[in-house]
Structures are given as C-alpha cells and as structure tokens.
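K.L.:
the sequence and its predicted three-dimensional model are supplied below.
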Amino acid sequence: MAKQRTFIMAKPDAVQRNLIGDIMQRFERKGFHLIGAKLMNVPRELAEEHYAEHKEKPFFGELVDFITSGAVFAMVWEGENVIATARNMMGKTNPAEAAPGTIRGDFGISMGMNIIHGSDAPETAEREIALWFKDTELHVYEKTINKWI
Ligand SMILES: Nc1ncnc2c1ncn2[C@@H]1O[C@H](COP(=O)(O)OP(=O)(O)OP(=O)(O)O)[C@@H](O)[C@H]1O
C-alpha cells in the first residue's frame with residue numbers, strides 16, 4: 001500500500017475543549033507523519049465549499065454555522081493507508097454509536113458536535129487538502145531517525 005495523505009480537522013468543539021493535543025498525540029503515536037497544521041477561523045464560503053455535498057440536507061445551515069463559530073485546527077497527515085485508518089480512529093459519525101477508544105467515542109457529544117472531520121476517500125482527501133492548504137503550507141521532510149532504525 002502506497003503512502004497516502006488525508007485532511008483532518010479538529011472542529012470548534014475540540015479546540016474549545018482543549019482536545020487538540022490529545023488528537024494530535026493519537027496520530028503521532030500511531031506512526032503518522034504531520035506535514036501541515038494551522039489554527040484558523042473558517043470563512044463561510046470555505047465551510048460551504050467543504051460541505052458542498054450536504055448542501056440540500058436539512059442540517060446544512062447548522063453545520064456551516066458550527067464550523068464557522070470558532071477556530072478549527074486543520075491538519076494534513078501522511079502515512080500508509082492513513083485515510084481509512086484515520087476514519088477508524090475517529091469512530092462513527094454519531095458519537096452515541098462510536099466505539100469507546102475512538103476519538104468521537106471518547107469525546108463526542110452529538111452529530112453536530114462530533115469533534116473531528118477526516119477525509120473519507122482518496123479523491124476527497126485530494127480535494128480537501130487543496131481546498132484548505134496552499135502548497136507552501138505543506139512541509140515535506142525526512143525524519144533522520146528513519147535512517148537509524
Ligand atoms: N443528521 C445530522 N444532523 C446534524 N449534523 C449532521 C447530521 N449528519 C451529519 N451531520 C454533520 O455533518 C458532518 C458531515 O456528515 P458526513 O455524513 O459526511 O459524516 P462524516 O463523513 O463522518 O463526517 P465528516 O465529514 O465531518 O468527517 C458530520 O460530521 C456531522 O457533524
């Protein structure tokens with residue numbers, strides 16, 4: 001399996017509940033490689049574009065209001081099979097159904113406030129990374145330790 005990249009976002013509830021560190025630590029300890037990260041307020045147009053597939057859904061307005069309500073922490077992680085693995089680490093969309101040990105299972109409250117977003121497929125990851133990050137914000141670097149072990 002080739003290396004993949006995925007877009008992960010700690011939503012405003014995660015930022016305000018001081019969960020950024022916990023979320024990042026899970027990805028780091030799993031062995032994934034951080035290549036981009038930023039704390040940002042989300043312009044309404046960006047939120048609408050990101051969630052465009054849900055435009056006709058009854059919860060769309062609420063979803064966009066929530067994502068734009070406070071800072072989010074946007075990340076790009078790289079690694080083997082990172083897209084599907086990240087989705088497993090996140091747990092089911094509805095925190096009430098997410099298994100304990102997953103990010104949403106451990107911290108999520110409701111469908112709306114479910115802590116984290118992660119790309120769900122290679123094409124989505126590519127689209128979302130391009131939407132949220134400029135090329136100059138992605139940092140490709142070798143870990144020296146890779147040569148040692
Ligand atoms: N019925 C609903 N009511 C309120 N919010 C919802 C509902 N369904 C989905 N959402 C919100 O919209 C987001 C996108 O829904 P989607 O079905 O794409 O889930 P997901 O892929 O697990 O989540 P995300 O795209 O955030 O990773 C969900 O994370 C959730 O916050």
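P.N.:
Now that the structure is in, tell me what you want to look at. Quantities reported herein were computed from a predicted structural model and do not represent experimental measurements.

K.L.:
A helix includes D120, no?
P.N.:
No: according to DSSP: H, G, I helix; E, B strand; the rest coil, D120 belongs to no helix; its state is coil.

K.L.:
so where does the nearest residue to it once chain neighbours are set aside fall, helix or strand?
P.N.:
Using CB to CB, 6 or more residues apart in numbering and skipping residues adjacent in sequence, the residue nearest D120 is R87, 6.4 Å away. (Each C-beta comes from the backbone N, C-alpha and C, glycine too.) Element membership for R87 (DSSP states H and E) is helix 82-90.

K.L.:
what does the average pLDDT come to for the helix or strand following that helix?
P.N.:
Scanning forward in sequence from helix 82-90 by DSSP H and E, the next helix or strand is helix 103-107. Computed over helix 103-107, the mean pLDDT rounds to 98.

K.L.:
where does the protein have its least confident helix or strand?
P.N.:
Least confident helix or strand of the chain, by mean pLDDT, DSSP states H and E, is helix 145-148 with a mean of 83.

K.L.:
buried ones in that helix?
P.N.:
By neighbour count with 16 or more other CB atoms under 10 Å, helix 145-148 contains no buried residues.
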